[in-house]
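S.K.: Provided below for reference: sequence and predicted model.
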Amino acid sequence: GNSVTQMEGPVTLSEEAFLTINCTYTATGYPSLFWYVQYPGEGLQLLLKATKADDKGSNKGFEATYRKETTSFHLEKGSVQVSDSAVYFCALSDFAGGTSYGKLTFGQGTILTVHP
Amino acid sequence: SAVISQKPSRDICQRGTSLTIQCQVDSQVTMMFWYRQQPGQSLTLIATANQGSEATYESGFVIDKFPISRPNLTFSTLTVSNMSPEDSSIYLCSVRDGPYEQYFGPGTRLTVT
């Protein structure tokens, strides 16, 4: 079955530091890949997505590239802010038209804390 | 993207009782999903709710414990039945909006005492 593995956390950084959160996946076929963010006390927000190999998703200064050869989708940001403190989830989805209805499989989440 | 609301936002319930969680979407959607997020854990899919048909449950989740209704294309409910402290979690509904993206509601934080 499908699975997603994120780097063990939590991650603590100083403001303006470079961020990398590793994500690797196991899936049959050609899944779509996502990063979701959960701010304290809130629901999940879609941060970015990539739907095919070599696609780069980007949003709010965050980027991730769909690497089929390494089955990875690492999240990066060049300069983090205190407001980026949240839990980040990597997720994958099968083809939405298939029998799995495009359901999401999540990684375990990575807690990011950014200090001033 | 679709705007999703959930009611209640949080509740504290006694063991043995049931709670029904409502999910309302501001547009018509075919697929709705219900997830559980146990304390400090990731999200686990409970079931997929397609309007006009029975919900499809994931391994480890059964209809008697988590009955779902999907009466129309903008609304769904999840009931957590005969609750125990192990059911204390955040319950989230989501919708598929387009071929790839899923968007989530704010969640219902349930505590069972």
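M.R.: In hand now; what should we look at?
S.K.: who does the residue most central in space within chain B bridge with?
M.R.: Nearest to the mean C-alpha position of chain B, by CA atoms, centre = their mean, lies residue B:34 at 3.5 Å. Beta-bridge partners for residue B:34, by DSSP bridges, are residue B:47, residue B:93.
S.K.: for it, what are its contacts?
M.R.: For residue B:34, the contacting residues are B:23, B:45-47, B:49, B:66, B:68, B:76, B:78, B:91-94, by CB atoms under 8 Å, 6 or more residues apart in numbering or on different chains. (Glycine included, C-beta is placed from N, CA and C.)
S.K.: try 10 Å this time
M.R.: Neighbour list for residue B:34: B:21, B:23, B:45-49, B:55, B:57-58, B:61, B:66, B:68, B:76-78, B:91-94, B:105 [criterion: CB atoms under 10 Å, 6 or more residues apart in numbering or on different chains].
S.K.: Show me those residues that map onto strands.
M.R.: B:21, B:23, B:45-49, B:57, B:68, B:76-78, B:91-94 (DSSP state E).
S.K.: which residues are contacting stretch B:4-11?
M.R.: A:41, A:43, B:19-27, B:29, B:32, B:74, B:77-78, B:80, B:90-95, B:97, B:103-112.
S.K.: If any of the contacts of residue B:34 are buried, put those into a PyMOL selection.
M.R.: Applying 16 or more other CB atoms under 10 Å in any protein chain shown to those, the buried members can be selected in PyMOL as follows:
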select buried, chain B and resi 21+23+45+46+47+48+49+55+57+58+61+66+68+76+77+78+91+92+93+94+105
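S.K.: quick one: is stretch A:69-82 near chain B?
M.R.: No: Stretch A:69-82 stays clear of chain B (CB under 10 Å from any CB of the partner chain), getting no nearer than 13.7 Å.
S.K.: circling back: now the buried members of the contacts of stretch B:4-11.
M.R.: Buried among these (16+ other CB under 10 Å): A:43, B:19, B:21-23, B:25, B:29, B:32, B:74, B:77-78, B:80, B:90-95, B:97, B:103-110, B:112.
S.K.: buried ones in the helix or strand that contains residue A:57?
M.R.: Element membership of residue A:57 [criterion: DSSP states H and E] is strand A:56-59. For strand A:56-59, a neighbour-count test (16+ other CB under 10 Å) marks residue A:57 as buried.
S.K.: Quick check: residue B:16 vs residue A:16, distance?
M.R.: Look at residue B:16 and residue A:16: by CB to CB, to the nearest Å, they are 52 Å apart.
S.K.: Also residue B:66?
M.R.: Per CB to CB, residue B:66 is found 45 Å from residue A:16.
S.K.: How about residue A:109?
M.R.: According to CB to CB, residue A:109 and residue A:16 sit 24 Å apart.
S.K.: Quick check: phi and psi on residue A:70?
M.R.: Dihedral angles of residue A:70 (phi, psi; degrees, to the nearest 10) stand at phi -110, psi 10.
S.K.: ok, it - how many residues close by?
M.R.: By other CB atoms under 10 Å in any protein chain shown, 8 other residues sit near residue A:70.
S.K.: now swap in the one 4 residues further on and tell me
M.R.: Applying other CB under 10 Å, we find 18 residues neighbouring residue A:74.
S.K.: you'd agree it is up against residue A:67?
M.R.: Yes: using CB atoms under 10 Å, residue A:74 is in contact with residue A:67, at 8.0 Å.
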